[in-house]
Each structure stands twice: as structure tokens, then as C-alpha cells.
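> Using only what follows, build the 3D model:
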Amino acid sequence: MAPDDCLIFQSHQGAIGKPHTPDDHLRLRVHMVEAMDDSILLMPTLTALQTAALHADRFQATYGWETNWSKSLLYATQAPTTSGTVPIPSVDPSDPDSPNLTNNPVPITTDFFDFLRVQVNDPDTQYDKIRQIISNFSFPHLPTRLPLTALRRVLTSCLISRIRPYLSYQPLARSSALCLDHLLAHHVHDYLGFPFRFNSQLLFAPLSDLGFDFRSLVHLNDTAALQGLLRDLNHHVSTFRTMARITLADWTCMYNKCRSPLEGTVSRSFSRLARRLPAAWVTAHDVLREFGLSIRLTDQSYLVTGEVALRHIVRGLPPPPSSPDSLSITNLERAGITHLSQLASWTSPSTSSPVPPQLIPHAHLHTALQPFAAGRDWPRLQLWLMRLSTLADLVHAAAGAPPLGPFDHRWELALPRSTRRDIAELQIRAAATASPAPPLNPHLLPPILASDASAVDIAPPLSQPSKHVTFAAASTTSAVLMSVAPSDRLASSLHGEVLGLIAATLLHLDSPAASSPVPPTLYTDHLNSVRFIDSHNSLPSFSLTSSFTPALSVYRWLLDLRSRFPNSPRISYTPAHTSSASIPARANAHVDALASSPAAHSPSLRPPSLPLPTFTLPDYTLHSPAHGYVESNLQSFLASHASSLASHSDRLRPNLLLFRPLYDQHTPPPHPYTRASSAYSAAVQLYARSSQLDTAFTRFARLGDCLPWCHAGCNAIETMHHIFVQCPSFDGLRQSALQDLIRDTSEQLAAAETTPPLTEVVLRITSALFSDSVDVWPQYTSRYYFGTMPPLRCTTASNMPATQRLLTRVVHGWHIASIRLAGRIWGVYKRRTSPRRSAASPADGLSLPPHLQYLLH
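Residues are numbered from 1 along each chain as shown. Coordinates of the predicted model:
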């Protein structure tokens, strides 16, 4: 085929010869896309398409394959012929070399095409398919109703597992996914048979938010869209990665005024551009906006080298007079100056100083610009360059966002990866030089190394709980103790273990023993790291692309360090916390004492901190202002983030009924909601927390088919609170449940040998659990029938781990007893007020033996 008969993809700025960023230089030559038994031929003209189809048909016929022309389709865009059919030549499958050709009529379409049974970039059609699947689904027909726990498992096994692949291939708009969640909730409501529909968001909320933890299609759709965007931008196949970055370059410069749409600074939605942009990317952008997240480019070194257009920079800055106007940039372009490298240069970044590099204008420009109109603008341009003096200013301007705080080192992303690596390794070396930590005893131990890590839970005021991670490394000549920077709130002990191995390797490389032909042994008690290193020693560090590997960035750093220095120590495993007196055990005990010492985790005397490496992250990485970079386990992170947002949302019904921070914060026990074989109490909770139980007052307000007074004859309006807490007709059930609960709680406290003050506090709260109490309940009224418990304001002894575990068991016992009591009371109430019961009378002549009389009550 002729060179002009192929399709070349490149960005708009690259096509017109005015590149803004290095991605505008990307070009992708594409002929064909094939997966399984589906193929797409991409050609610029009909003649080229017919030629390519003939070659492809002849090639596959040689190997016994035959094209199914009845399923073939021609998708035409920007073409004069947009209706009818076009002839596509093919060969005789029995004689591929024959010159006799057959023309096959192929219909033309202009609005869709299928690939792998999915209409590409058409979420509306995908929504219709999934909606039809849900509408046709029905729960098993059994003599009795399935419990709510069984409904949850049936939906997960039989329906969600079928829908998930559809969302992976083509994510939906978030509003469409929400409609599907409502449809699932409608199915559950119809099956349970309660008269008023529950709050659907409550069904999919986690247990910690008083929800029921059903799988949400909104969450699955959000995860699929965001994972798909990150996969495209970081794809291990260069063809897909190049196409994604060309698309992002056009999205940035054509549709978002040269500001990255993924940096979390864009408040608008791009749903109207779903035909110009991948619809899945538009959904992913909506997810980023909803959750306040961003996707950062972790290698912005083109800003240091100056390979960025001046017009691109100016469009991302505030409007004039603080930045040059469009005419000034045009005058510079007419003078042949289009990029930052032609206008100024940066001072060399220092590995010993965290100060960002400074921007210095070229000295010869004042004279060189005099013959041009840009010469008149030079004083104003110099003033602008003085204001844009540091690399941090330029990076934040390119992102269109101000710094997030003192720990926002976004500007470091513009430094070359090797420079950032050298700075991080220098920080560890400097900390080792100044560290007061004692080394291993050279008189008792041979020349070896050891490392360990420690992580403790912390709960800063007005902030979410996180972990404080420390790591220590020691040799016979030096030692170092450091912590992970507080901005990396997703760090775990795994990060600390690997950072400890890196620190120990650097200690060895700086020691006199580094020149020894036999490297020493580095002992660690983290067996997973030893196995990971052993299995990846033969691979380059940047070949690790799995998003399912936790702490991948630090593992890459360690592998890169070992590849640069072949005399790195041998890593070996040794068990931790043993009574052994062996050399590895004593070395491990030494670094374990350093990493977990009280001084290491002291809020006032914490060791030097080190941020997690950004120089080994993928090119595009998810970032959260509150948590730092998200390397792996995206689905779990999004679920946790959605839960924290829902806990303050007005759409979650319990938030309108209770001021939840005043109540106990223990997560309810999962068994009654996920595994119990009989879960009527869970169903009652679903409707009670939604304020949808059909009490007399609710029916009077909505249907007007009864009076609002209590059915038991009380002189009170029949509300949920009256039935579950105040109505005398249920006092027997409440007293019986209370006696059982006090007995069980007392036995737990006695078995744990708790202190008398703690026992007195717990039993006092237990005795008032099912009644209104000013001293116990935050809002003065009992809310046990919502599954919420009063707070445990105990003594300082309750901060001990053993006491915390005891209190968790106590609260779980309260919760189970409370929801079971609410279920019993509501069951009795419904039997008493059932129309079928009131219609029956003793005159019916039905009599039963004494041992079966309970069936009539």
C-alpha cells in the first residue's frame, strides 16, 4: 500500500506544526486493530479501505479463515457517502490466489460500530443492555421469602458478576449507573414486601455508615472508568499509550485552555464533548471532580528543559496584566521564539538543597529582539519572568492550582527522575550521618546489616486516622532511623520494610566494606520482600507495571539501587521476636528496638521524615490531597473515599435523623447483615433507618387510611419511637431483652477482669439502652432501634488494646440485642395490626390442641 494510504494520528497542535508539549510530537501510524475474532481496518479513503480489506481477506483465507461479511460494517466519518452500502472485494476462500474477486455489499453507519460485541464509545446503548439484564432478573421462587443476607449474595453471584464485564468494556455515565442502582434497590424492595420504599443509597452504603454493604454499580462503574483511564495513559503497549497521550494532549489544549483536565482544578463537566472525547474518560473526570482527586504527571521534566510553548504557559496563568497578553506571545513567535528554552533557562537543581531552581532570562535577547515588535514587549516580559521566578511557580501555573499546603512538593515532579532519586538517597545518607542511633556491636557481631519497620495508628485532631511508619537500618559502623512523611497517609509497614532495606543498602555502599568482593548479608524479618526481590532480580526495575503490587514504587527503587551497584548486600530472611541468640536474631532485635521505640513514634521527637518516592511512580498516578499518591488497590481506596463522603451526605437518611458524631463509632458486626440465615431484623433496620416503616402516623400522613393514634390504645401518636421505646404493650419484650443483655454483658466484663469504674460505666449504659435517658443518650432519646449505640465515655484504661477489644465485643453485643429486639417488636406489631388477623374471629369455629394454640396469636 502507498504511504498516503494509512491513517496517522497526532494532536491538533502537532498537526499544525505548533507543538505545545512533548506529547504534541507523538505520531501513531495505524492500519488495523484486532482482538479475538474481531478486526477493525482504519483507512483514510474508501479506495485504501478496499485494498486493505482485500489483502486481509487473502491473507486469512490462506490459513483457512473466512470473513463473515453479513456481520461487517463500514463506519464513515467526514465522508460524502453516508448511507446505503459500498462494495468491498474479497477472494474465493478455496482459491486465495485467484484473480477473480467478489464484491460484498457492506452497510454504512455514521453513529456507531461494534467491537467485541460492544458499541464503541456508546454508553447509552450499554446502559440499555444492562438495564434489560436487571429488569429480566428475578429472585428464586421459594415457599418462604429469602432473608436479606441471601438476597445480597444472590445479587452478587448471579447479577453483579454478569454486569461487571459490561462496565469494564464500556463504563456508563454516573447518572446512568445511579439509575441502575435504584433499579436494583427496587427489585429488593418488591421482594421484601414492605409497603414504603427504603432509601436506596442506604442499601449500598458500608456497614460503618449504617448501610447494608450491597455491591453498588455506581462504585463498580467509577472504578472501571478511573482504572481504564490510568491503564490507557500508562499502558505497557506503546501503541495504546501513545494514542491515549495524543488524546489527552488535545483534551488539554483544545478543550481546556492548555490546563490539564486531570489535575483536579477543573470544575466543569465535559459530558457535552462525549462524541469528541472517550466517554469513559469523561466519566473518569466526573469521578475525579466528585471525590476531589487528581491524576498527576509524575515526569514534568520538559518544564526544566524548556520544551513547553510560551503560549501554553500563558494560557494556564491568570489573565493580564500579571502575565503577557496574546499579542506579546504572537510578537515573540514572529521573532522565532516559541518555547521557554529560547527565552530563559533554569539554574541547576541542587541535590543538597530543597530550594526550587530559579528562572534566568537569556542575556542576549534584549539585543536580538530589537528588530522585531517583540523588542517593545521585552521589559514587560522580563517583569513577568521575575514574577515567575521559581520552578514551583511554573509547575503550579501549569496545573492551574495553588499549592495544597506545606507538604505539597508538586514542583519536584519537574525535576528529572534521576535528580529526585539522588536527592532522596542523599537525604538517607545525611540522616545516617547525623543519627544518634547506635550501630550493631562490632565485638559481638560480624560485618552484617539488618533492617526493620514499625507502624502505629495515630488519630490527629480533626483528621482521619492514619499510620505513623518508621524504619531503621544498622550495620556494625552506623545506623539510621527515619519515618515516612506525614503527607503519605496511605503508607503502611510494607513501605517501611522496603525503605529499611534501601537504607541498609546505602549504609553498606557508604562503608569501607563496600569495596569487599564478598558483599555482606542484610537480614530482614519481612519474608514477602525477600521473595519479591529474589523473583525480580533478573528483571529491570521499570518493567514492574502491575497495579496490584502494593508499595511498587519503593520496590522499584530498591531494584534500581541493586542494579546500579552490583556489590549490594545479599538479602536474607530471619524470623522476628524469637528467643534465639543467633547472630541474625540479635541483629533483628536491635533494629526492631530502634524502629518501635517510644522515641521513634513520639509526636514531639519524631525522626527525620522521607516522602515516598515519586521518581519510580508510573507516568500518570492518582493523587489525593488528603492521602498522597495512590499506587494500588484503587477499588478499595475509592470505596473508602466514597464512604467518607457519604457519611456527611444528606442523601443518606440516617444523617437527617441523627447527629452521628455524637454516637458510638464502632462499626456494626457484619454477621446479622451479611451471613445470618434469618435476617428479618436486618430488613426491619433497612426500613427503620430509612423512616419507611408503616406506622399509623406514617400511613395517616401519606395515605390517610387510618388515624395516627397508637393501635394499643395509648394516648399518643404512633411513631417509631413510641412503638420501640414508649408503648407499654411491648414492655415485656423490652424487659426480657434487657435482662438477657445485662447478664451477657456482666459475664463478658467478669471474664475480662475489668476495673470497677469501667464495669460501672458499661453496666449503667446497658441498663438504659432501651429507654430514654438524659445521662446516656446524646439526644436524650433512645435510638437503639436504628442500630446506633450511645458513646462509651470511659476511663483512661479504655485506651489499652485489650480494653478496646473488650469494648468492641460489648458494643457488638448491644447492637445485636438492639436490632433483634426491634425486629421482635415490629413482628408482634404487624401480627396485631394485620388485616388478615382482624378479619378472623372465634366464630370461625377453628380450634387447635393446647400445644398449638400459639399459632393463633
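> Look up how far residue 766 lies from the residue lying closest to residue 665 once chain neighbours are set aside.
Closest residue to residue 665 apart from its sequence neighbours, by CB to CB, 6 or more residues apart in numbering: residue 791 at 7.9 Å. Backbone N, C-alpha and C define where each C-beta goes, glycine included. As judged by CB to CB, to the nearest Å, residue 791 and residue 766 stand 14 Å apart.
> now do residue 615
Look at residue 615 and residue 766: by CB to CB, they are 56 Å apart.
> SS state for residue 473?
Going by DSSP: H, G, I helix; E, B strand; the rest coil, the secondary structure assigned to residue 473 is strand.
> give me the number of residues near it?
34 (other CB atoms under 10 Å).
> That one is in contact with residue 450, isn't it?
Yes. Contact criterion CB atoms under 8 Å: residue 473 and residue 450 qualify, at 7.2 Å.
> Overlap in contacts, those two.
Shared contacts of residue 473 and residue 450 (CB atoms under 8 Å, 6 or more residues apart in numbering): 504, 591.
> Show me the helices in the stretch 501-650 of the chain, by range?
With DSSP state H, counting those that start in this stretch as the criterion, the stretch 501-650 of the chain has helices at 527-536, 552-564, 583-595, 634-646.
> for the stretch 251-400 of the chain, same thing?
279-291, 302-305, 310-315, 326-334, 365-368, 374-387, 391-399.
> between the helices of the stretch 501-650 of the chain, which one is nearest to residue 77?
helix 634-646 (33.5 Å; CB to CB).
> what's downstream of the closest one, the next helix or strand?
Next in sequence after helix 634-646, counting helices and strands by DSSP states H and E, comes helix 654-657.
> ok, and what's touching that following helix?
Helix 654-657 is contacted from outside by 202, 209-210, 647-650, 660, 689, 691, 783, 786, 788, using CB under 8 Å, 6+ apart.
> From those residues, list just the buried residues.
Among the contacts of helix 654-657, the ones that count as buried by 16 or more other CB atoms under 10 Å are 202, 209, 210, 647, 660, 689, 691, 783, 786, 788.
> can you tell me which two in these are farthest apart?
Using CB to CB, the two most remote members of the buried ones among the contacts of helix 654-657 are 647 and 691, lying 18.2 Å apart.
> check contacts around residue 565.
So residue 565 contacts 505, 509 (CB under 8 Å, 6+ apart).
> mind starting the numbering at 494 from now?
Understood, numbering begins at 494; the last thing we discussed is residue 1058.
> roughly how far apart are residue 515 and residue 758?
Distance of residue 515 to residue 758, given as CB to CB: 21 Å.
> Name the residue in the two with the higher neighbour count.
Taking other CB under 10 Å, residue 515 and residue 758 do not tie; residue 758 has more neighbours (17 against 14).
> And the pLDDT for residue 539?
Note for residue 539: predicted pLDDT of 87.
> distance of residue 945 from residue 925?
Where residue 925 is concerned, residue 945 sits at a distance of 15 Å (CB to CB).
> Looking at those two, which has the bigger crowd around it?
In terms of neighbours (other CB under 10 Å), residue 945 is the more surrounded of residue 945 and residue 925; the figures are 30 against 23.
> Quick check: closest non-adjacent residue to the more buried one.
residue 1084 is the one closest to residue 945 (CB to CB, 6+ apart), at 4.2 Å.
> contacting residues for the one you found?
Taking CB under 8 Å, 6+ apart, we find residue 1084 in contact with 943, 944, 945, 965, 966, 967, 972, 993.
> switch the cut-off to 10 Å
930, 933, 942-947, 964-967, 972-974, 993, 997, 1016-1018 (CB atoms under 10 Å, 6 or more residues apart in numbering).
> Next, please give the residue ranges for the helices of the stretch 494-643 of the chain.
Under DSSP H, counting those that start in this stretch, the stretch 494-643 of the chain gives helices at 505-508, 539-555, 616-629, 641-647.
> Tell me the predicted confidence for residue 889.
pLDDT for residue 889: 73.
> Do I have it right that it meets residue 904?
Yes. With contact defined as CB atoms under 10 Å, residue 889 counts as touching residue 904 (7.2 Å).
> Convert stretch 1018-1028 to CSV, retaining C-alpha atoms only.
These are the backbone C-alpha positions of stretch 1018-1028, laid out as CSV (Å, rounded to 0.1, in the frame of the first residue of the first chain):
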residue,chain,number,x,y,z
ASP,A,1018,12.1,-10.3,59.1
HIS,A,1019,9.9,-9.4,56.1
LEU,A,1020,9.6,-12.6,54.1
ASN,A,1021,7.5,-11.2,51.3
SER,A,1022,10.2,-8.7,50.4
VAL,A,1023,12.9,-11.4,50.3
ARG,A,1024,10.7,-13.5,48.0
PHE,A,1025,9.8,-10.5,45.8
ILE,A,1026,13.5,-9.4,45.4
ASP,A,1027,14.6,-13.0,44.6
SER,A,1028,11.9,-13.4,41.9
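> Check the separation of the first and last residues in stretch 836-851.
14 Å (CA to CA, to the nearest Å).
> circling back to that earlier point, who's more crowded, residue 1284 and residue 1259?
In this view residue 1284 and residue 1259 are compared by other CB under 10 Å, and residue 1259 has more residues nearby, 23 against 16.
> Run through the residues that contact the more buried one.
1231, 1234-1239, 1242, 1269, 1283, 1303, 1306-1307, 1310.
> Over to residue 930?
Each residue near residue 930 by CB under 10 Å, 6+ apart is listed here: 924, 965-967, 971-975, 1083-1084, 1086-1088, 1090, 1092-1093, 1100.
> Need the winner for burial among the helices of the stretch 494-643 of the chain.
Highest mean neighbour count of these: helix 641-647, a mean of 20 (counted as mean count of other CB atoms under 10 Å).
> And that helix, how far out from the chain middle?
26 Å (CA atoms, centre = their mean, to the nearest Å).
> And the next helix or strand past that helix?
helix 654-662.
> by contact count, what packs against that following helix?
Contact analysis of helix 654-662 by 3 or more CB pairs under 10 Å, 6 or more residues apart in numbering; DSSP states H and E lists strand 611-612, helix 616-629, helix 667-685, helix 710-726, helix 772-784 as its packing neighbours.
> Ok, which of these comes nearest residue 1159?
If you check each of the helices and strands packed on helix 654-662 against residue 1159 by CB to CB, helix 710-726 wins as the nearest, at 23.5 Å.
> Just the pLDDT for residue 628.
So residue 628 comes in at 95 (pLDDT).
> Then residue 1079?
Residue 1079 is assigned a predicted lDDT (pLDDT) of 92.
> I figured it hits residue 1069, correct?
No. At 12.0 Å, residue 1079 does not count as touching residue 1069 under the criterion of CB under 10 Å.
> The nearest residue to residue 774 once chain neighbours are set aside and residue 709, how far apart?
The shortest distance from residue 774 to any residue other than its chain neighbours is 5.5 Å, reached at residue 722 (CB to CB, 6+ apart). Separation of residue 722 from residue 709 (CB to CB) stands at 20 Å.
> Next: residue 979.
32 Å.
> Likewise for residue 947?
Distance from residue 947 to residue 709, by CB to CB: 36 Å.
> ok, now residue 1251?
From residue 1251 to residue 709 the distance is 39 Å (CB to CB).
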